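**Student:** model this:
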Amino acid sequence: MRQIWIEKFGAPDVLRVKQAADPSPAAGEIRIRVEASGVNFADIMGRMGLYPDLPPIPVVPGYEVAGKVDAVGAGVDHVWVGRDVLAMTQFGGYADVVCAPSAQAFARPAGMSAIEGAAIPVNYVTAWQLLVVMGALKKGETILVHSAGGGVGIAATQIAKHIGARVIGTASSAKHAALRAIGVDALIDYRTEDFEKRVREITEGRGVELAIDAVGGESFKKSFRALSPTGRLGMFGASSMAEGRTKNPFALLKLAANMPWLQFNPVSLMNDNKGVFGVNVGHMWNEVPRVAAWMNDILALWMQGVVKPQVAKTFSFDDVGQAHEYIQSRSNFGKVVLTA
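**Tutor:** Predicted structure coming up:
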């Protein structure tokens, strides 16, 4: 099989494609001949040496794959063999053969391609946890979606519109037309506009009931201030630390200095009637039944035409460095996928 390895931290060109023997599935696992693997910002931060959950290098990154099952381990029903699936992987997804627990794999509905399947798990489970499980978004409420043109942003927009919420999105102006086409109600160019001020203008001073933010630092503070009474801030990353192609100590110091260490204190939360929560799907591996239930709900919405993954571009394994560059340059509208 072929795998993509992080052998040292650095720019995208540190990624290496290597050959290895095909793995055998352990008890409770299935083996998947991978056709497509999802690329996530966590993979980029791992490559840069910024992701604390990354196992010691050398390591194969990757959280999601889609392909066909060709073998099963002990205790797994042989009905899995030959089935088209998508699966969540705790690293190791950048490979053309992957073993994964059968409880973290899902049959791909008829008509869903492997590329589309690989674009669903991380983005849509993250958005589901942010909006439905913890954000409690309701019909008639307004949500602020940062990085609206990214994979999670698009997933959140589709879920929010299905719920009946109003969506305000931040994105560069080049992505505004495409975002309007998928239902974003109001758009803010984060490069030229103060999003906090614009949110107040758009909502006529009230603010939003839910904001989801993976930027970090000063953005968390402004998103919190942009909340209405009973508003909730969902934090799920800190992309502002990943400035440049390699680790930038100044970006890390700036992020740390601007984090709202004192703003989110119990007294202010009570007095403001606001809530703050965090989401890290990578720490949900022990919550298999719950995550599986969310995925089944998401797949049901795919069959209804609500969930429609947007794939920005596909790259071959040999071009994985270009895939990382493409995401870091903020060029993508939607998901980036590797094809085996």
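**Student:** Please, which helix or strand holds Val167?
**Tutor:** Here Val167 is covered by strand 166-170, with elements defined by DSSP states H and E.
**Student:** export that strand as CSV, just CAs?
**Tutor:** Extracted as CSV, the C-alpha positions of strand 166-170 are listed here (Å, rounded to 0.1, in the frame of the first residue of the first chain):
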residue,chain,number,x,y,z
ARG,A,166,-30.6,33.1,9.2
VAL,A,167,-26.9,32.8,8.2
ILE,A,168,-24.3,35.6,8.3
GLY,A,169,-21.0,34.4,6.8
THR,A,170,-17.5,35.8,6.8
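**Student:** how about the nearest residue to Phe224, chain neighbours excluded?
**Tutor:** Across the structure, with CB to CB, 6 or more residues apart in numbering as the measure, the residue nearest Phe224 apart from its sequence neighbours is Leu233 (5.1 Å). All C-beta spots, glycine's among them, are computed from the backbone N, C-alpha and C.
**Student:** Give me the distance between the two termini of stretch 270-288.
**Tutor:** With CA to CA, to the nearest Å as the measure, stretch 270-288 spans 33 Å from end to end.
**Student:** Give me the buried positions along that stretch.
**Tutor:** Neighbour counts over stretch 270-288 (16 or more other CB atoms under 10 Å) mark 274-276, 279, 281-282, 284 as buried.
**Student:** any chance of those residues in TSV, plus secondary structure and distance to Arg108?
**Tutor:** Formatted as TSV, the entries for the buried residues of stretch 270-288 read as follows, by DSSP: H, G, I helix; E, B strand; the rest coil; distance: CB to CB, whole Å:
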residue	secondary structure	distance to Arg108
Lys274	coil	40
Gly275	strand	36
Val276	strand	36
Val279	coil	25
Val281	helix	20
Gly282	helix	23
Met284	coil	21
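**Student:** Farthest-apart pair in those residues, please.
**Tutor:** Lys274 and Gly282 (26.1 Å; CB to CB).
**Student:** Give me the sheet partners of the strand holding Val167 and which way each runs.
**Tutor:** strand 142-145 (parallel), strand 186-188 (parallel) (DSSP bridges).
**Student:** next structured bit after the shortest one?
**Tutor:** The one in question is strand 186-188. Taking DSSP H and E as the definition, the helix or strand that follows strand 186-188 towards the C-terminus is helix 195-202.
**Student:** Give me the contact list for that following helix.
**Tutor:** Contact partners of helix 195-202, identified using CB atoms under 8 Å, 6 or more residues apart in numbering, comprise 144, 146, 168, 170, 186, 188, 207-208, 222-223, 225-226.
**Student:** And stretch 47-60, by the same measure?
**Tutor:** With contacts defined as CB under 8 Å, 6+ apart, stretch 47-60 is touched by 3-10, 12, 14-15, 42, 45-46, 61, 91-95, 241-242, 245-247, 252, 282-283, 324.
**Student:** so what secondary structure elements neighbour the helix or strand where His324 lies?
**Tutor:** When secondary structure is defined by DSSP H and E, His324 falls within helix 320-328. Using 3 or more CB pairs under 8 Å, 6 or more residues apart in numbering; DSSP states H and E as the contact criterion, the secondary-structure elements in contact with helix 320-328 are strand 15-19, strand 29-39, helix 41-48, strand 311-316, strand 335-339.
**Student:** Could you tell me the angle between the longest one and strand 311-316?
**Tutor:** Looking back up the chat, that one is strand 29-39. Per axes from the mean of the first three to the mean of the last three CA atoms, to 10 degrees, the angle that strand 29-39 makes with strand 311-316 is 110 degrees.
**Student:** ranges for the helices of the stretch 51-200 of the chain?
**Tutor:** Remark: helices of the stretch 51-200 of the chain, listed N- to C-terminal, are 114-118, 121-128, 151-163, 176-181, 195-202; assignment by DSSP state H, counting those that start in this stretch.
**Student:** before we move on, what about the stretch 201-340 of the chain?
**Tutor:** Residue ranges of the helices in the stretch 201-340 of the chain, as given by DSSP H, counting those that start in this stretch, are 218-225, 249-258, 266-272, 288-303, 320-328.
**Student:** now the residue nearest to Gly275 when sequence neighbours are not counted: how far from Gln263?
**Tutor:** Nearest-residue entry for Gly275: Arg232, 4.4 Å, with adjacent residues in sequence omitted and distances by CB to CB, 6+ apart. Shown here: Arg232 relative to Gln263, a distance of 15 Å by CB to CB, to the nearest Å.
**Student:** hmm, who's touching the helix holding His324?
**Tutor:** So helix 320-328 is contacted by 4, 12-13, 15, 17, 39, 41, 43-44, 47, 94, 242, 245, 312-313, 315, 332, 336, 338 (CB under 8 Å, 6+ apart).
**Student:** Please consider this matter closed, and thank you.
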